[in-house]
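Asks: Attaching a predicted model along with its sequence, questions to come.
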Amino acid sequence: MSKQQTAERNWYAIHTYAGYENAVARNLKQRIESLGMEGKIFNVVVPVEKKIKIKSGKRAEEEEKIYPGYVLVDMIVTDDSWYVVRNTPRVTGFVGSGVFPVPLDKKEVDGLFARMSAEQVEHNIDLSADDAVIITDGPFKELEGKVAEVDKSRGKVKVLVSMFGRETPVELDFLQVKKI
């Protein structure tokens, strides 16, 4: 079966069973090495992005798949390289029209790799306006206050603290407060 052969090196997306992306990538890398396809298949990547999640006041770094069920392959499409990728266990096929794999757009790949190298902070804080909090860090440590507003996108919370007989707004990081 003759595939569309190109002498051009491109990135392609392959569809896998969801949850098996890392196993497929590992297996495909082993197959490339054992079948001597290093000259045709150059890289196999599971697209993930690092997210820093804040849970219970603690930072935790997690990797989250950008496209669950997909693995990216940098390769030159020939009959042999197509066969190696396509017949890897748990690969359901190339993304494309019919039997011919369609290469990913260069801008799309560049954007994807930029997204993979950037750290994103995701704040999972269960604070809302009027919650009573205690400040755990900084110059206002040990003071109690009431949440005035929450800015999840910036990871900030505005707390009204009683100082000098009146309530004063103080902007703090989510990590600097704890719900009472």
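Replies: Structure received. Residues are numbered from 1 along each chain as shown.
Asks: Tell me the helix or strand right after the helix or strand bottoming out on mean pLDDT in the chain.
Replies: Across the helices and strands of the chain, mean pLDDT, DSSP states H and E gives its lowest value to strand 119-123, namely a mean of 61. Note on strand 119-123: by DSSP states H and E, the next helix or strand toward the C-terminus is strand 132-135.
Asks: starting at the chain centroid, how far to whichever helix or strand comes after that following strand?
Replies: Using DSSP H and E, the helix or strand that follows strand 132-135 in sequence is strand 144-151. Strand 144-151 sits 30 Å away from the centroid of its parent chain (C-alpha atoms, centre = their mean, to the nearest Å).
Asks: Partner strands of strand 144-151, with direction?
Replies: strand 132-135 (antiparallel), strand 156-163 (antiparallel) (DSSP bridges).
Asks: For the longest helix anywhere in the chain, buried residues please.
Replies: Using DSSP state H, we find that the single longest helix of the chain is helix 21-34. By neighbour count with 16 or more other C-beta atoms under 10 Å, helix 21-34 contains the buried residues 21, 23-25, 27-28, 31-32. C-beta coordinates here come from the backbone N, C-alpha and C atoms, glycine included.
Asks: So which other helices or strands are in contact with it?
Replies: Helix 21-34 sits against strand 41-45, strand 70-76, helix 79-86, with contacts defined as 3 or more C-beta pairs under 8 Å, 6 or more residues apart in numbering; DSSP states H and E.
Asks: Skipping adjacent residues, who's closest to residue 62 in space?
Replies: Leaving aside its chain neighbours, residue 62 sits nearest to residue 51 (5.3 Å; criterion: C-beta to C-beta, 6 or more residues apart in numbering).
Asks: roughly how far apart are that neighbour and residue 155?
Replies: 13 Å (C-beta to C-beta, to the nearest Å).
Asks: more crowded one of those two?
Replies: residue 155 (17 against 14; other C-beta atoms under 10 Å).
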